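Novice: kindly return the folded structure for what I paste below:
(one chain, ligands or ions: 1)
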Amino acid sequence: MIIEIDPNSGFCFGVVNAIEKAEETLSKDKTLYCIGDIVHNNIEVDRLKGQGLKTINHDEFEKLSDAKVLFRAHGEPPVSYQKAKENNIEIIDASCPVVLNLQKRIKKTYQEIKKCKGQILIYGKKGHAEVNGLVGQTDGKAIVIENVEDLKKIDFEKPVTLFSQTTKTISGFKEITEVLKQKCRNELKINDTICRKVSNRMPNIREFAKKHDVIIFVSGKKSSNGKLLFDVCKQENKQSYFVSHPNEVEMTWFSQAKSVGISGATSTPSWLMKQIADNIKLEIK
Ligand code: SF4
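Specialist: Have a look, this model is predicted:
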């Protein structure tokens, strides 16, 4: 039986970089704090917790002093950098370079657009860590748009510049831009800032799921990206199974299979998929 791990699965480079920075720091220090889960995968979070990584929320961060804190790939708003300075906190900045670049663009645009009373729109999820970091570049003035309904808040007589959270879907972004093109009566600037590392996974996983008799999809149960990608597997291949842990894999799934494909969400560590592949190889020998 052939077992293939999806070459397009695993963490994006932003998350890989954050984990490497955390491990590098923890090889010298006993404790490192991180605001929010470094990645949406409990097994990986627990592995790093074993090395001394402590997950805290923003309230806990505000009370912390004289410590090292990792800013994860999602990035942080300027206020977090300010707080760190005040409280003698050393920042291990693992903000993804793509997100940092987007923050800079939004900040620059805000400085320009406020002179003509224009509006900055961010297509994204309200309260999402990356979105909070982006809105922070505009003194909280950017308007977060989750769907077409939210466009009711916009004054179409004034200039509009649109950006996107990096992990949103291209189809959702297109829907928003179409409505804006119809309604805006002043200058409209559209910036597609969706990260292709994530959006390209959808067509890639569709092809991968077709290729194999059985698909094992590995993801944390809470990962929304995991649910989305698993649905695509299911549409293409009825013999697709969702697992979060190696011990959830049942060998009876492979009784008729000549090939098995193992894939995962953007928050699924490669080592976990490899462990599952190795277990299957051992069991079916
Ligand atoms: S911008 Fe892209 S590469 Fe960076 S963390 Fe987000 S998904 Fe990953």
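Novice: for His40, see how far away Ser224 is.
Specialist: 8 Å (Cβ to Cβ, to the nearest Å). Using the backbone N, CA and C atoms, a C-beta is placed for each residue, glycine as well.
Novice: and those two? Which one has more around it.
Specialist: Each of Ser224 and His40 has its neighbours counted (other Cβ atoms under 10 Å); His40 has more, 20 against 13.
Novice: make sure that one is indeed in a strand.
Specialist: No: counting by DSSP: H, G, I helix; E, B strand; the rest coil, His40 is not part of a strand but coil.
Novice: residues contacting it?
Specialist: Going by Cβ atoms under 8 Å, 6 or more residues apart in numbering, His40 touches 220, 222-223, 225, 265, 267.
Novice: quick one, which of the residues you listed has the minimum pLDDT?
Specialist: Least confident by pLDDT among those: that is Lys222, with 75.
Novice: tell me the secondary structure at that residue.
Specialist: Assignment for Lys222 (three-state DSSP): coil.
Novice: which residues are in contact with it?
Specialist: Listed by Cβ under 8 Å, 6+ apart, the contact partners of Lys222 are His40.
Novice: and with 10 Å instead?
Specialist: Listed by Cβ atoms under 10 Å, 6 or more residues apart in numbering, the contact set of Lys222 reads 37, 40-42, 244, 267.
Novice: which single one of those residues is nearest to the ligand?
Specialist: When those are ranked by distance to the ligand (Cβ to the nearest ligand atom), Ser267 comes first, at 10.1 Å.
Novice: still on that earlier bit, can I have the buried ones of the contacts of His40 as a ChimeraX selection?
Specialist: Filtering the contacts of His40 down to the buried ones (16 or more other Cβ atoms under 10 Å) takes a single ChimeraX command:
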select :220,223,225,265,267
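Novice: check the contacts of His40 against the ligand, which are close?
Specialist: Among these, not one lies near the ligand by Cβ under 6 Å from any ligand atom.
Novice: Lys85: how many residues sit nearby?
Specialist: The tally of other residues near Lys85 (other Cβ under 10 Å) stands at 10.
Novice: now do the same for it: helix, strand or coil?
Specialist: Of the three states, Lys85 takes helix under three-state DSSP.
Novice: how about Ile194?
Specialist: coil.
Novice: which residues of this protein lie near the ligand?
Specialist: Selection of the chain residues close to the ligand by Cβ under 6 Å from any ligand atom yields 12-15, 73, 96, 98-99, 166-167, 195, 197-198.
Novice: redo the residues you listed as CSV? Include secondary structure.
Specialist: Listed next are those as CSV, based on three-state DSSP:
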residue, secondary structure
Cys12, coil
Phe13, helix
Gly14, helix
Val15, helix
Ala73, coil
Cys96, coil
Val98, helix
Val99, helix
Thr166, coil
Thr167, coil
Cys195, coil
Lys197, helix
Val198, helix
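Novice: just the buried members of the residues you listed?
Specialist: Buried among those (16+ other Cβ under 10 Å): 12, 14-15, 73, 96, 98-99, 166-167, 195, 197-198.
Novice: check contacts around Thr25.
Specialist: 31-32, 51-53, 68, 70, 90, 92, 94.
Novice: could I get those as CSV with secondary structure and pLDDT?
Specialist: CSV is the format used below for the contacts of Thr25 (DSSP: H, G, I helix; E, B strand; the rest coil; pLDDT from 0 to 100):
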residue, secondary structure, pLDDT
Thr31, coil, 97
Leu32, strand, 98
Gln51, coil, 97
Gly52, coil, 98
Leu53, strand, 98
Lys68, strand, 98
Leu70, strand, 98
Glu90, strand, 98
Ile92, strand, 98
Ala94, coil, 98
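Novice: what's the closest of those to Ala277?
Specialist: Gln51 (24.4 Å; Cβ to Cβ).
Novice: contacts only, for the residue nearest to that closest one when sequence neighbours are not counted.
Specialist: Nearest non-adjacent residue to Gln51, counting by Cβ to Cβ, 6 or more residues apart in numbering: Leu26, 4.5 Å away. If you count contacts by Cβ under 10 Å, 6+ apart, Leu26 has them with 32, 48, 50-53, 68, 70.
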